[in-house]
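Student: For reference, the sequence and a predicted model appear below.
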Amino acid sequence: MAYTTINKSTDYFSSDLWSGNSSTQSINVGKNFSSNGSLIWIKGRNSSGFAHRFIDSVRGKEKLLASNSTDAEFTESGDGIASYSSTGFNLQFSSQNDYNESGGNYVGWNWLAGSSPTGSSNTDGSINTTYTSANTTAGFSISKYTGTGANATVGHGLGVAPAMIIIKDLSESSYDWMIYHQSLGATKYIRLNLTNAEGTSSVWQNTAPTNQVFSVVSNSSDVNKSGNNFIAYCFAEKTGYSNFGSYTGNGSTDGTFVYTGFKPAFFMIKRTDGSGDKWRMWDNKRSPFNLVDDSLACNETSAEYDDTSVSLDFLSNGCKMKMSGGGAGNGSGETYIYMAFAEAPLVGSNNVPCTAR
């Protein structure tokens with residue numbers, strides 16, 4: 001049975017929904033983004049063509065990235081997020097139509113980082129980060145650094161080894177989103193913006209992250225090109241709150257059960273042993289009841305899928321896959337990695353049990 005000191009998961013992570021109005025509105029996510037670091041990931045749900053937008057406090061609220069693209073960071077001045085607030089963030093009309101267009105339905109996934117929006121330079125690695133905002137309680141940090149082109153280490157500020165790291169080159173549009181995942185190990189990588197299978201490379205110097213640093217190799221333009229700026233989102237596992245693992249599909253509608261140790265609020269998967277499968281995402285706000293069949297794909301701009309053939313159940317202690325085919329998340333004998341965040345722990349340190357849906 002899982003125990004955690006995080007008794008209210010929404011203090012650190014939440015999924016939130018809103019309808020666009022082509023004007024201004026405040027989005028209440030229950031977290032103080034005006035005085036803390038944060039990552040906000042936004043996706044339009046009801047129309048294709050909406051990009052996935054990554055906005056974080058370390059880079060600044062007008063600096064955008066898209067997980068469905070190799071595009072470099074760009075500035076959307078005067079649009080999108082107008083300001084952070086003590087309860088979330090304030091939107092204004094976006095000329096990109098990816099935040100607040102009238103008639104649009106949106107989801108935002110929100111993570112709380114450190115106790116200041118940008119944090120400070122981390123000097124634990126051979127590369128001193130420009131900024132690192134780290135939340136050691138929730139196991140999440142945001143680090144911005146400049147590549148050296150030589151074998152290097154970068155400090156993450158978590159105090160424990162990250163289970164998953166997402167890195168994007170900010171300076172050029174030629175490079176993919178690179179992921180380290182503990183289930184793949186330090187000799188493998190996978191790309192967030194593509195449907196490719198895992199790759200084998202020394203991009204992490206074949207060295208697992210430590211409680212202080214992660215490693216980047218000299219000849220990888222995706223994570224360490226000399227003079228280019230990079231952003232790294234690092235996630236450590238916290239019992240009863242976050243879980244990063246793998247499972248094998250069984251090809252049945254009575255599918256594989258994935259134990260997380262909590263009732264999930266967010267679940268994202270990717271097949272690793274074959275190409276062509278999307279990064280699929282589900283959450284407890286778009287699908288408040290089982291079946292959980294409203295999914296998005298973070299490598300594409302498509303609208304939300306409302307499809308029982310790509311579905312699962314959120315249970316008190318994990319996920320039960322309900323789809324039968326390959327390409328959906330439960331192909332027979334196929335291997336998948338996942339990241340999951342809690343709605344509620346199975347049992348917290350306050351001894352309040354989590355119940356099933």
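Tutor: Sure thing, it's come through. What you see is a predicted model; the values in this text were computed from it and never measured.
Student: low-confidence ranges in the stretch 151-300 of the chain?
Tutor: Residue ranges of the stretch 151-300 of the chain with pLDDT under 70: none are present.
Student: and the nearest residue to residue 305 once chain neighbours are set aside, what does it touch?
Tutor: Closest residue in space to residue 305, ignoring its immediate chain neighbours: residue 295 at 4.8 Å, by CB to CB, 6 or more residues apart in numbering. Using the backbone N, CA and C atoms, a C-beta is placed for each residue, glycine as well. Contact partners of residue 295, counting by CB atoms under 8 Å, 6 or more residues apart in numbering, are 280, 281, 282, 304, 305, 307, 310, 311.
Student: at 6 Å what do you get?
Tutor: Counting by CB atoms under 6 Å, 6 or more residues apart in numbering, residue 295 makes contact with 280, 282, 305, 310.
Student: Ok, residue 272 next?
Tutor: By CB under 6 Å, 6+ apart, the neighbours of residue 272 are 198, 335, 337.
Student: could you redo the residues you listed as JSON lines and give each row neighbour count?
Tutor: As requested, the contacts of residue 272 are exported to JSON lines (neighbours: other CB atoms under 10 Å):
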{"residue": "198", "neighbour count": "23"}
{"residue": "335", "neighbour count": "18"}
{"residue": "337", "neighbour count": "23"}
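Student: Filter the residues you listed down to the ones in helices?
Tutor: Of those, none are assigned to helices by DSSP state H.
Student: Give the helix, strand or coil label for residue 32.
Tutor: coil (DSSP: H, G, I helix; E, B strand; the rest coil).
Student: Now for the closest residue to it other than its chain neighbours, how many residues are close by?
Tutor: The spatially closest residue to residue 32, leaving aside those adjacent along the chain, is residue 86, at 4.9 Å (CB to CB, 6+ apart). Residue 86: 11 surrounding residues under other CB atoms under 10 Å.
Student: Residue 36 is in contact with residue 86, correct?
Tutor: No: assessed by CB atoms under 6 Å, residue 86 is found out of contact with residue 36, at 9.8 Å.
Student: where do the strands sit along the stretch 201-350 of the chain?
Tutor: Assigned by DSSP state E, counting those that start in this stretch, the strands in the stretch 201-350 of the chain fall at 213-216, 229-235, 242-248, 257-259, 262-271, 280-283, 294-297, 305-306, 312-315, 318-321, 335-345.
Student: Can you tell me which of these is nearest to residue 140?
Tutor: strand 229-235 (5.7 Å; CB to CB).
Student: Only the C-alpha atoms, please, for that closest one, written as CSV.
Tutor: Extracted in CSV, the C-alpha atoms of strand 229-235 (Å, rounded to 0.1, in the frame of the first residue of the first chain):
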residue,chain,number,x,y,z
ASN,A,229,20.0,27.3,-25.2
PHE,A,230,18.0,24.3,-23.8
ILE,A,231,15.1,23.7,-21.4
ALA,A,232,15.0,20.6,-19.3
TYR,A,233,11.9,19.4,-17.4
CYS,A,234,12.9,16.8,-14.8
PHE,A,235,10.5,14.6,-12.9
